[in-house]
Each structure stands twice: as structure tokens, then as C-alpha cells.
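1. Here is a sequence together with a model predicted from it:
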2 protein chains.
Amino acid sequence: MSIAGDLIRGHTDAIILARLLRGDSYGYEINKMISTLSSGRFELKEATLYTAFKRLEETGCIRSYWGDSGAGARRRYYTITPEGRLTCGKLLEEWKETKEIMDKLLETEEWK
Amino acid sequence: MSIAGDLIRGHTDAIILARLLRGDSYGYEINKMISTLSSGRFELKEATLYTAFKRLEETGCIRSYWGDSGAGARRRYYTITPEGRLTCGKLLEEWKETKEIMDKLLETEEWK
DNA sequence: GTGAAGTACCTTGACAGGCGAGGTACTTCA
DNA sequence: TGAAGTACCTCGCCTGTCAAGGTACTTCAC
């Protein structure tokens, strides 16, 4: 089964920020991580990812810099900003709440 | 805190179908249920709701009929179809999976 | 008897995020 | 030499959400 994009819509920022909380990273790696951690069931498309980066940078949640790549393709690294940490905390909180509420709404037993 | 619609995007169909699994209902009531069960933190907008009904009816997941309203505004009731039950099961399964994966992706501790 | 508030439905058009498709550029290895 | 992997990026379409607007009926307070 593959999970459609709309299911994680609104959560991509949270995923990215949570990853950056653990240290700087770059697009390709983050994409790989998502795919790996989800055993290939989630897959953020590149277009989606880079749009998200742009959005997050514009809102001041992350900053980017070019890594010095002696060999191989150049990488653009991203760092989370204090602003981003704040946002991330909020999004994590929201996810927790979303889960709780969704579980309540999807309960097929007992109603009223 | 209020949960933006994008957070449940892609899950509205599941919410509606899960509700109809418990018996026929109509738009206004479903909306109220969502608002009540979530203590006002989720709120499907009417436009969203009716768009979803239309979509679900077009895909054969639900069927509608006008309730005989002796008094008060007329109500359009919705029934879940066998097809809808199937879809609902699938969506519930997907939600479970989404939760697991999201939790893994949002873990801020341990990476690698 | 009138006007607000509640019940109940519906449509239109704007907007935003995801993504398919396409592109660039470099390296490694068969 | 060319395929496959790493790594970046953009354009334009599609779809779901929602603000705003509308209709129509009932109840209840003033």
C-alpha cells in the first residue's frame, strides 16, 4: 500500500523541521531518510521537498548554505533557526492533537 | 489552538465514512459531531463537507435521499454503500499506517 | 408581527500544497 | 561510452479547503 500525498499534506514542514532538529542536512538525504524510515511507503517527491525548503526559508524557519563538496554533486545544507525550533514544537504539538482527535472521529463503535 | 484544515486534508472522507458506518446521517449533524467530538478544535467547513459528499457520491461510496421533514428544514440523508464500506476500511488502515510512519519521522531523538 | 438565531442546504471562485515532467551537472564503474 | 547514482532546480496542472455568498424554514423573545 502506498500513502497518497494528501495524507501528509500539512505535515511535510513538521517532518523536515524535526529532521533538522537533529542536525544540518540536505534535500537528497532527507528524502532518503523519509523513504527509509517509512520502508518506502511514504515518499516526498522532490518537487514537494524543494518547495517546502523554499517556503521554510522564506518564513525564517531554516537557513541554507552550500556545503564544500570536494567530490560529487554540490549539496545545499539546511540549518534550523530558533524561529524554526519554535515552529517545530508547535507542529509536533499539533500532530499529537490531530492524532487524538482523528482517532476519536474514526472510532466506529459507540456514538452518542 | 485550532487545527487547520490542511492537517486533516485527505482524511475527511475517512471521517465521513466512519460516521456513516454507524448509521445514516446528514451534513449538518456530521459537522456538529466533528465539532463536538473534537471540542471545537477541528472544524470542517460547510463548503468542504458538501464537496466531500458530492465526491463520495460520485465515486459510489455513499447514496443520498431526502428525509421526510414534517417540520424544520429539509435534510438530505446519506447512506454508506458496500463500496463505501470497503473504501472506509482501506482509509482506516491507511490512517493507522500514516500515524505509525509520522511518529517515526517526527521522533526528534535517535537518528542512525 | 418582526427580527434574530438556529437548522439545513448549496455554489462559486480563489488559493495553496503536492507532484509529474522536465531539466542541469557531476562521478563512478562496468 | 553510457547507465546509474548523487544532487540540485522549475513550471504548470490538479485537487481539496474555505471564504463568501445565497436560499428557506422554524422558534422564541421582545
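-> Looks like it arrived, so ask away. Predicted model, so just to flag it, every value in this text is computed and none were measured.

2. need the residues of chain A near chain B, please.
-> With Cβ under 8 Å from any Cβ of the partner chain as the criterion, chain A meets chain B at residues A:1, A:3-11, A:14-15, A:18-19, A:21-23, A:33-34, A:37-38, A:41-42, A:92-95, A:97-99, A:101-102, A:104-108, A:111. No exception for glycine: its C-beta is placed from N, CA and C like everyone else's.

3. so where do the helices sit in chain A?
-> A:12-20, A:27-37, A:46-58, A:82-106 (DSSP state H).

4. Deepest-packed of these, please.
-> helix A:12-20 (a mean of 23; mean count of other Cβ atoms under 10 Å in any protein chain shown).

5. Let's see it as PDB, backbone CA atoms only.
-> Extracted as PDB, the C-alpha positions of helix A:12-20 are listed here (Å, rounded to 0.1, in the frame of the first residue of the first chain):
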ATOM      1  CA  THR A  12       5.800  18.000   5.400                       C
ATOM      2  CA  ASP A  13       7.100  21.000   7.200                       C
ATOM      3  CA  ALA A  14       7.000  19.200  10.500                       C
ATOM      4  CA  ILE A  15       8.900  16.200   9.100                       C
ATOM      5  CA  ILE A  16      11.600  18.400   7.700                       C
ATOM      6  CA  LEU A  17      12.000  20.600  10.800                       C
ATOM      7  CA  ALA A  18      12.000  17.500  13.000                       C
ATOM      8  CA  ARG A  19      14.800  16.100  11.000                       C
ATOM      9  CA  LEU A  20      16.800  19.300  11.100                       C
END
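
6. contacting residues around A:Gly84?
-> A:Gly84 sits next to A:Leu17, A:Leu20, A:Leu56, A:Gly60, A:Cys61, A:Ile62 when contact means Cβ atoms under 8 Å, 6 or more residues apart in numbering or on different chains.
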